[in-house]
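Sequence isn't available, so here's the structure alone:
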């Protein structure tokens, strides 16, 4: 075991800054591709429905089915393949992802298209989880948060650039074309993995039973709950941000796009700052980010009635929402022990569960007597649960540290 660890350390330390940068850029590109692929159908529901002959609501299952595939497929496949070398794992699931993309591109019917989406979704969770772990391993000591934030920025760019560009290409050249572009990009990335990602000897990991024991610990489950409620609050409000900006703030369609771009710029800043601060003080960064998130959404309830105030609060909201991503990923890996990929995949599932839960809660608020204007402050209350869970996690850690010091 010591020899394997020494060999891994030597190989990582032997990487030049250029080699590290190239590997991280490639991982960022893969994250961008899988993030864009997840969002593609949202802007193409109408042309897909028209060509395949199904209703808009049925076509929406391309989004829902994908999310469910990520939630349930990622952890199961990560558990089964958990002992494969990480480079091989990355290559295998990139191949599965490309296969799903090919099926979507050539699908002769809605049913086949849905199958292609589910194939891609099964690869999504394990791919993202493996990339987070590799990014952490490639990082220089003390810079793990920055490395994870770097690759995580690919997801942010997919939201503010990839998805809109995919919608544009689909409108110009047909809905199959953006699927083809992402599939080709993923295939190129697969070739890059062969060349740019170093092969690192893998430390023997726990058995499947041992991994399941690790991820069922209360301290680990608590982190997953923080992820669910921390991100759930964001999506409770952000899912309905367009009707809020249009119906309450009074923005035109064109200006709403600019406001969403401002949110995206804020999210990029938050991702970078959150990663850097997490390397220095992890739990204060996480707690501070979630608190800022809750406050910014609560303020948006009133700020949404004024255009300038709405833009400022949306920008701060974007910073806060993405400042917690890298800290959550690092915290999960710290709690994971010898179940790194499985733990990371479960965290990706938790993000998606938070997405689904938040959107559902926001919809309930809109349909209730509270109405659209109440969505931001209800979203803030959802995030408040995440704050309480984070405080509980910090308290548990402090108690465990005191016990360890007392009996150590």
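Thanks, I have the structure now. None of the values given here were measured: they were computed from a predicted structure.

Show me what the biggest helix by length in the chain is packed up against.
Secondary structure of the chain per DSSP state H: the longest helix is helix 375-407. Secondary-structure packing of helix 375-407 (3 or more C-beta pairs under 8 Å, 6 or more residues apart in numbering; DSSP states H and E): helix 218-238, helix 282-303, helix 340-367. Placement of C-beta: from N, CA and C, glycine included.

right, so of these, which gets closest to residue 263?
Closest to residue 263 of those is helix 218-238 (C-beta to C-beta; 7.9 Å).

now the longest helix of the chain: mean pLDDT?
Per-residue pLDDT over helix 375-407 has a mean of 85.

can the helices and strands packed on helix 375-407 go into JSON lines with extra columns for mean pLDDT and mean neighbour count?
Shown next, in JSON lines, are the helices and strands packed on helix 375-407 (pLDDT from 0 to 100; neighbours: other C-beta atoms under 10 Å):
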{"stretch": "helix 218-238", "mean pLDDT": "89", "mean neighbour count": "23"}
{"stretch": "helix 282-303", "mean pLDDT": "94", "mean neighbour count": "22"}
{"stretch": "helix 340-367", "mean pLDDT": "83", "mean neighbour count": "22"}
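
hmm, back to that, give me the buried positions along the longest helix of the chain.
Across helix 375-407, burial judged by 16 or more other C-beta atoms under 10 Å covers 375-380, 382-387, 389-390, 393.

Mind putting the helices and strands packed on helix 375-407 into JSON lines with distance to residue 25?
Listed next are these as JSON lines, based on distance: least, C-beta to C-beta, whole Å:
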{"stretch": "helix 218-238", "distance to residue 25": "26"}
{"stretch": "helix 282-303", "distance to residue 25": "25"}
{"stretch": "helix 340-367", "distance to residue 25": "20"}
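
what's the closest of the ones you listed to residue 42?
Comparing the helices and strands packed on helix 375-407 by C-beta to C-beta, helix 340-367 comes nearest, at 11.9 Å.

and that closest one, what other elements does it pack with?
Applying 3+ C-beta pairs under 8 Å, 6+ apart, we find helix 340-367 packed against helix 61-80, helix 110-138, helix 208-215, helix 218-238, helix 325-336, helix 375-407.

Which one, of these, ends up nearest to residue 368?
Proximity to residue 368 (C-beta to C-beta) singles out helix 375-407 among these, at 9.4 Å.

mind checking how far the closest one is from the chain centre?
Computed by C-alpha atoms, centre = their mean, to the nearest Å, the chain-centroid distance of helix 375-407 equals 21 Å.

And stretch 328-344, by the same measure?
15 Å.

Touching, residue 346 and residue 215? I think so.
Yes: contact criterion C-beta atoms under 8 Å: residue 346 and residue 215 qualify, at 6.0 Å.

which neighbours do these two share?
Here residue 346 and residue 215 share no contacting residue, scored by C-beta atoms under 8 Å, 6 or more residues apart in numbering.

picking that back up, go through the helices and strands packed on helix 375-407 and name the closest to residue 135.
Nearest to residue 135, of all those, is helix 340-367, at 10.2 Å by C-beta to C-beta.

how much does the closest one deviate in direction from helix 218-238?
If you take axes from the mean of the first three to the mean of the last three C-alpha atoms, to 10 degrees, helix 340-367 sits at 40 degrees to helix 218-238.

before we move on, back to that, let's have the helices and strands packed on helix 340-367 in a markdown table, adding distance to residue 30.
Supplementary listing: the helices and strands packed on helix 340-367 in a markdown table, determined by distance: least, C-beta to C-beta, whole Å:
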| stretch | distance to residue 30 |
| --- | --- |
| helix 61-80 | 15 |
| helix 110-138 | 6 |
| helix 208-215 | 24 |
| helix 218-238 | 21 |
| helix 325-336 | 16 |
| helix 375-407 | 28 |
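
Could you point out which of the ones you listed sits nearest residue 183?
It's helix 110-138; of those, that one is closest to residue 183 (C-beta to C-beta) at 9.3 Å.

residues in contact with residue 262?
Going by C-beta under 8 Å, 6+ apart, the list of residues near residue 262 reads 311, 314-315, 318.

circling back to that earlier point, among the helices and strands packed on helix 375-407, which is nearest residue 134?
The nearest among these, by C-beta to C-beta, is helix 340-367 at 9.9 Å.

follow-up on the earlier one: got the angle between the longest helix of the chain and helix 325-336?
40 degrees.

Make residue 1 into 401 and carry on from there
In the new count, where the first residue is 401, that last one comes out as helix 775-807.

follow-up on the earlier one: out of the helices and strands packed on helix 775-807, flag the one nearest residue 448.
helix 740-767 (20.2 Å).

of all the helices and strands packed on helix 740-767, which lies closest to residue 759?
Across those, residue 759 has its closest neighbour in helix 618-638 (5.5 Å, C-beta to C-beta).

Which element is encountered next along the chain beyond the closest one?
Where DSSP states H and E defines the elements, the next helix or strand beyond helix 618-638 is helix 641-644.

Enumerate residues external to that next one that contact any of its residues.
Contacting residues not belonging to helix 641-644 are listed as 637, 656, 660, 663, 704, 714, 772-773, 775-776 [C-beta under 8 Å, 6+ apart].
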